[in-house]
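Novice: let's see this in three dimensions:
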Amino acid sequence: MKSNFLKVAVVALSALAFVNCGDDSNPATPDTELSSASAELPGEPAVESSADAQAPASSADVQAPASSADAQGPASSAAETAAASSSSVAPAASSSSVAPAAESSSSVAPDQEAPKGIFLATDTDENKDYMEVVYQTNTGDNGGGVLAYPKRLSETQKHGVVLWGPGGGSKPTEYEGIIKRLASHGFVVIATSESPNGTERGIPALNWLDKKNNTPGDPLYQKLDMNVVGASGHSMGGLQSEQMLINDKRVKTAIMNNSGAWDGKAAALVPTGQGKTIALVYGEVGSESDNAKNDYNNPGVKIPACLLRMENNNYGHGSGPWDGQAATVAWMRWHLGGEDFRKADFVGSTGKYINGPVYTWQGVKGNWKGQCKNF
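Specialist: As a prediction, this is how the structure comes out:
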């Protein structure tokens with residue numbers, strides 16, 4: 001019941017005119033916890049996993065509130081909204097069972113060539129959590145963000161980065177499930193404290209992470225490939241990710257959950273010739289649906305793009321980050337991690353996200369209906 005109430009609150013707050021939370025003027029000391037799969041790692045005690053927590057109800061059970069489709073523009077960041085803190089929120093469960101923890105790569109012998117590309121968990125099922133995760137709250141450039149990364153960082157490969165943006169009026173801690181899922185697959189995830197329809201939170205967040213990557217003694221020192229960055233988010237967080245894709249050369253791809261430009265013109269502004277890609281996820285009854293469709297269908301969109309609809313389960317404005325989180329993980333593993341076999345899951349006529357089932361913690365609930373262009 002508690003997690004159901006939390007999910008309703010997150011969806012409702014995110015959809016109401018994409019209201020933004022105010023900045024924390026006094027950054028707090030980061031709070032750190034470890035999350036892992038249910039299996040013990042060799043020589044280490046078992047750590048409680050977020051997947052062991054009570055799972056939230058399907059987003060299809062949430063009545064779709066007003067979304068960006070009804071708004072004229074983002075509200076002022078000074079607006080105050082009620083959001084649960086990470087200390088009072090039960091961790092969001094993964095959309096499927098948790099797999100045994102995957103090991104990170106180890107040192108390479110002197111006569112061996114270091115593996116190419118960014119590090120990814122060996123296991124590939126985007127519906128499951130794998131590696132043990134360090135999860136920090138009250139952190140980031142303004143002390144209001146979330147940082148998550150694999151506890152066992154690779155010694156031979158860099159890690160790709162994902163920038164996450166919460167919905168309007170929501171805290172990043174309310175998206176613990178998808179943040180930990182991405183980190184358990186090998187990504188370093190930085191979530192902004194709020195998501196304006198611009199880059200004023202995203203760019204400082206990435207700059208803060210870049211500084212850690214260049215600070216000797218920091219756990220992330222020389223562990224990140226800051227040229228392999230993806231952006232994602234929910235509702236207003238989706239708009240932030242789109243603006244980061246347009247304006248920041250470090251960001252190579254974006255997947256927008258329950259989001260789309262109000263005027264349907266932003267995706268057309270993403271520069272070509274830089275290898276950038278975009279995907280838009282929307283619920284069948286989500287009031288963001290027209291925004292997503294208009295943004296995708298704009299004839300000015302020249303980069304590779306996909307439009308992913310969640311249907312046949314009354315999916316609304318909260319569908320993407322919860323029941324649909326596997327699509328975000330698969331998209332990042334494809335476009336940041338170079339797993340080209342995943343192209344068939346999105347592009348064509350028979351892939352997982354073209355006409356496959358939606359896997360949730362309750363089992364199969366509805367299906368995906370996807371289309372792509374410019375690939």
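Novice: list the buried residues for the helix or strand harbouring Val229?
Specialist: In this assignment (DSSP states H and E), Val229 forms part of strand 224-234. Within strand 224-234, the residues scored as buried using 16 or more other Cβ atoms under 10 Å are 224-226, 228-234. Every residue, glycine included, has its C-beta placed from N, CA and C.
Novice: could you say what helices and strands it packs with?
Specialist: strand 159-165, helix 202-213, helix 236-247, strand 251-257, helix 325-335 (3 or more Cβ pairs under 8 Å, 6 or more residues apart in numbering; DSSP states H and E).
Novice: okay, the ones you listed in TSV with distance to Arg342 next?
Specialist: Output for the helices and strands packed on strand 224-234, formatted as TSV (distance: least, Cβ to Cβ, whole Å):
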stretch	distance to Arg342
strand 159-165	14
helix 202-213	24
helix 236-247	19
strand 251-257	12
helix 325-335	4
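Novice: turn the ones you listed into a markdown table, including mean neighbour count.
Specialist: Converted to a markdown table, these look like this (neighbours: other Cβ atoms under 10 Å):
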| stretch | mean neighbour count |
| --- | --- |
| strand 159-165 | 29 |
| helix 202-213 | 19 |
| helix 236-247 | 28 |
| strand 251-257 | 29 |
| helix 325-335 | 25 |
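Novice: so which of these comes closest to Lys128?
Specialist: Nearest of those to Lys128, taken as Cβ to Cβ: helix 325-335 at 8.9 Å.
Novice: strand 224-234 and the closest one, what's the angle between them?
Specialist: Here helix 325-335 runs at an angle of 150 degrees relative to strand 224-234 (axes from the mean of the first three to the mean of the last three Cα atoms, to 10 degrees).
Novice: alpha carbons of helix 325-335, as CSV, please.
Specialist: What follows is helix 325-335 as a C-alpha-only set of coordinates in CSV (Å, rounded to 0.1, in the frame of the first residue of the first chain):
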residue,chain,number,x,y,z
GLN,A,325,12.2,0.6,-17.4
ALA,A,326,13.7,-2.3,-19.4
ALA,A,327,13.4,-0.3,-22.6
THR,A,328,15.7,2.4,-21.1
VAL,A,329,18.3,-0.1,-20.0
ALA,A,330,18.2,-1.9,-23.4
TRP,A,331,18.4,1.4,-25.3
MET,A,332,21.5,2.5,-23.3
ARG,A,333,23.2,-0.8,-23.7
TRP,A,334,22.7,-0.5,-27.4
HIS,A,335,23.6,3.1,-28.0
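Novice: and the next element down the chain from it?
Specialist: Following helix 325-335 in sequence, per DSSP H and E, is helix 343-346.
Novice: tell me the mean pLDDT over that following helix?
Specialist: The pLDDT scores in helix 343-346 average 98.
Novice: distance from the chain centre to that helix, please.
Specialist: Its chain's C-alpha centre and that of helix 343-346 lie 19 Å apart, by Cα atoms, centre = their mean, to the nearest Å.
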